[in-house]
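[1] Need a 3D model of the following:
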Amino acid sequence: MKQAIQIGAGNIGRGFIGALLSQAGWHVTFADVVEPVIHALNADHRYTVHILDKEPGELTIENVDGVLSTSPEFAQRVAQCDLITTAVGPNVLPIIAKSIAAGIQARRAAGNTAPMNVVCCENGLRTTTRLKNEVTKHLGAEDNAFLEENIGFADCAVDRICPKPNFENILDAAVERYCEWDVERAAWKGEQTEIPGMTYADNLMAYLERKLFTLNSGHAICAYLGSLKGYRTILESIQDPAIGEIVHAAISESGEGLIREFGFDPDAHHAYVEKIFARYQNPFLEDEVLRVGREPIRKLEAGDRLIKPLTTTASYGLPVDHLIFGAAAALRFDCAEDPQSVELLGKVKAEGPAAALAAYSGLKPENPLLGRILDVYRALAVAKK
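    Numbering: from 1, shown residues only. Predicted coordinates for the structure are as follows:
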């Protein structure tokens, strides 16, 4: 039986990636630092995934266990497994890199030259490549040569809404029915194992940016605008006619940029935009705006969901009148429990919105997009009153 380690036993790890692997017949070990979750996995070896959609359902996920990712046992599991997946958030990847490197050293010491693959299932571009770069920093020349020969680091695009669960069993997870997991074919080592729900992609960047420019971008814009109006969930926010109109127009604008960038079929991509917009309106998902909006500094980075769609679309001379709402509203995201929100608002207060936006987004002061974002930022303050 093939062995997988899913680093990150949160809702995405349990409800999406770990569930698909388990259903494909893999043994899945969840690695995390949350001890109650690890203890529960080792006691029950099963949990339920609740599908919250027009066609609801439940999946029993079995053949699972857990290991603390900070324990010596983790490295021994890496030494023997076939696949490592992650769902921890891009900012955590440098932290787990050292533990993965220790596992690769243990694998080499054990003489295990069977192919192993690493796939980071994070919201972001080329996060697996970023993890590989961090892992290699902890390895010497011989270990890195072993890595290049035997271990694949395959980037991927993942797409499934996994709202914060609220079940009596701490292991149970909530997901929408729709899911997409596209893994870069060329970077995969060894046999391309068939996993239902996962596909191998030859042009991964098109999948990555399609999701980033559409689902992720619209989701974030909806969350930030909804937060400003005091809404709790994405559903409440998208049902506000003003917010719904902005979100739909924004992902339509970014769609035109994608069509130019990757040569997507216009009719097919317009249909994709409508499908994404409908997913925001799923009445069975209690997806909180604070969850979707967290880490606004990361989401304001030049290569992420608010700035990259904006700059790419604008580079073709196309309208971005609604895309600019994303960065403008993110600058006002106020969540005391989110360290990035606290830092962002602190910088805005201390240095002003222009300096904060330039620092986090990489937009130069002379870039007209920066001025347009700030115009909307100021207008949002008036609208809030």
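
[2] Doesn't Arg177 lie inside a helix?
    No. Applying DSSP: H, G, I helix; E, B strand; the rest coil, one finds Arg177 to be coil, outside a helix.

[3] Show me what whatever helix or strand Tyr224 lives in packs onto, helices and strands only.
    In this structure, Tyr224 sits in helix 217-228 according to DSSP states H and E. Where contact means 3 or more CB pairs under 8 Å, 6 or more residues apart in numbering; DSSP states H and E, helix 217-228 is packed against helix 234-238, helix 241-262, helix 266-280, helix 289-293, helix 324-330, helix 368-384. No exception for glycine: its C-beta is placed from N, CA and C like everyone else's.

[4] In a markdown table, list the ones you listed along with mean neighbour count and mean pLDDT.
    Shown next, in a markdown table, are the helices and strands packed on helix 217-228 (neighbours: other CB atoms under 10 Å; pLDDT from 0 to 100):
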| stretch | mean neighbour count | mean pLDDT |
| --- | --- | --- |
| helix 234-238 | 23 | 97 |
| helix 241-262 | 20 | 98 |
| helix 266-280 | 16 | 97 |
| helix 289-293 | 22 | 96 |
| helix 324-330 | 27 | 98 |
| helix 368-384 | 15 | 90 |
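
[5] Out of those, which gets nearest to Leu171?
    With CB to CB as the measure, helix 289-293 is the member of the helices and strands packed on helix 217-228 nearest Leu171 (18.8 Å).

[6] if we look at the closest one, which residues are touching it?
    Contacting residues not belonging to helix 289-293 are listed as 163-164, 219-220, 222-224, 226-227, 231-234, 237, 330, 333, 335, 337-338, 341 [CB atoms under 8 Å, 6 or more residues apart in numbering].

[7] Determine how far the helix or strand following that helix lies from the middle of the whole chain.
    The C-terminal neighbour of helix 289-293 among helices and strands, as given by DSSP H and E, is helix 296-299. Helix 296-299 sits 12 Å away from the centroid of its parent chain (CA atoms, centre = their mean, to the nearest Å).

[8] could you say what helices and strands helix 296-299 packs with?
    Under the contact criterion of 3+ CB pairs under 8 Å, 6+ apart, helix 296-299 touches helix 339-351.

[9] what angle separates the helix it packs on from helix 217-228?
    Angle, helix 339-351 to helix 217-228, by axes from the mean of the first three to the mean of the last three CA atoms, to 10 degrees: 70 degrees.

[10] Show the average pLDDT along helix 339-351.
    The pLDDT scores in helix 339-351 average 98.

[11] Just the buried positions in the helix or strand following it, please.
    The helix or strand immediately downstream of helix 339-351 is helix 353-361, counting by DSSP H and E. Buried residues in helix 353-361, counting neighbours by 16 or more other CB atoms under 10 Å, are found at Pro353, Ala354, Ala356, Leu357, Ala358, Tyr360, Ser361.
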